[in-house]
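Visitor: coordinates for the following, if possible.
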Amino acid sequence: MQKITPFLWFDEKAQEAASFYVNVFSNNPEVASRGGNSKMGKITYYNEPGARASGRQLGSVMTVEFELDGQQFVALNGGPHFKFSGAISFVVNCRSQEEIDYFWEKFSEHGESGQCGWINRDKFGITWQIVPAILEQYLSDPDPEKSKRVMEAMLEMKKIIIEDLRRAHQQE
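Guide: Next comes the predicted model:
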């Protein structure tokens, strides 16, 4: 069991969201090739005391456990009281442009894309950052001119293009 598990509060689409995320990660060839495990887990349902306390329907889905590339999550159908905010996001570190393209397409569909690799809101309201794994190395380059050029290039992008970052880093 991992020490900290993200717990996501949905109005009433916890199971649909968990299923979508598991499907996205399970169908990514790069995640699958490195043995990344993505799967649905235990589902709990509102019993009488829980339904009464929450105002949710008796027998409706309460929580859904799921795993994305080995990371455990729990989704809760808790009602409309809380909304997701861009103050919390999930970073997907991608090894290739194909992987960036894949996640960008899946999470931006019916959502809202932003600058610098951010999906401001997917179709369930979650914020994602779809970034190349090499980005941190480029931005923390000991040569301040290289890291500055990479930052300037990234700030011009919505979906991040690794080759454009590489060219900025190498000043091509």
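Visitor: any low-confidence regions in the chain?
Guide: 31-35 (pLDDT under 70).
Visitor: run the last query once more with 90
Guide: 1-2, 27-37, 172 (pLDDT under 90).
Visitor: surely Q15 is within a helix?
Guide: Yes. Using DSSP: H, G, I helix; E, B strand; the rest coil, the assignment for Q15 is a helix.
Visitor: correct me if wrong: it contacts V61.
Guide: Yes. At 5.0 Å, Q15 counts as touching V61 under the criterion of Cβ atoms under 8 Å. For glycine as for every other residue, the C-beta is placed from the backbone atoms N, C-alpha and C.
Visitor: mind listing the shared neighbours of the two?
Guide: Shared contacts of Q15 and V61, defined by Cβ atoms under 8 Å, 6 or more residues apart in numbering, comprise I43, N77.
Visitor: using the three-state scheme, assign K148.
Guide: helix.
Visitor: now for the strand or helix carrying F20, which elements pack on it?
Guide: Per DSSP states H and E, F20 falls inside helix 14-26. Applying 3 or more Cβ pairs under 8 Å, 6 or more residues apart in numbering; DSSP states H and E, we find helix 14-26 packed against strand 7-10, strand 39-45, strand 61-68, strand 71-77, helix 97-108.
Visitor: what strand or helix carries E145?
Guide: helix 144-155.
Visitor: what's in contact with whatever helix or strand comes next after that helix?
Guide: Following helix 144-155 in sequence order, the next helix or strand is helix 162-170 (DSSP H and E). The contact list for helix 162-170 (Cβ under 8 Å, 6+ apart) reads 96-97, 100, 132, 134-135, 138, 141, 146, 149-150, 152-154, 157, 172.
Visitor: can you list the domains in the chain?
Guide: 1-80, 84-172 (automatic domain parsing).
Visitor: how long is the longest one end to end?
Guide: Think domain 84-172. 40 Å (Cα to Cα, to the nearest Å).
Visitor: got it, and the shortest one?
Guide: From the first residue to the last, domain 1-80 extends over 29 Å; the measure is Cα to Cα.
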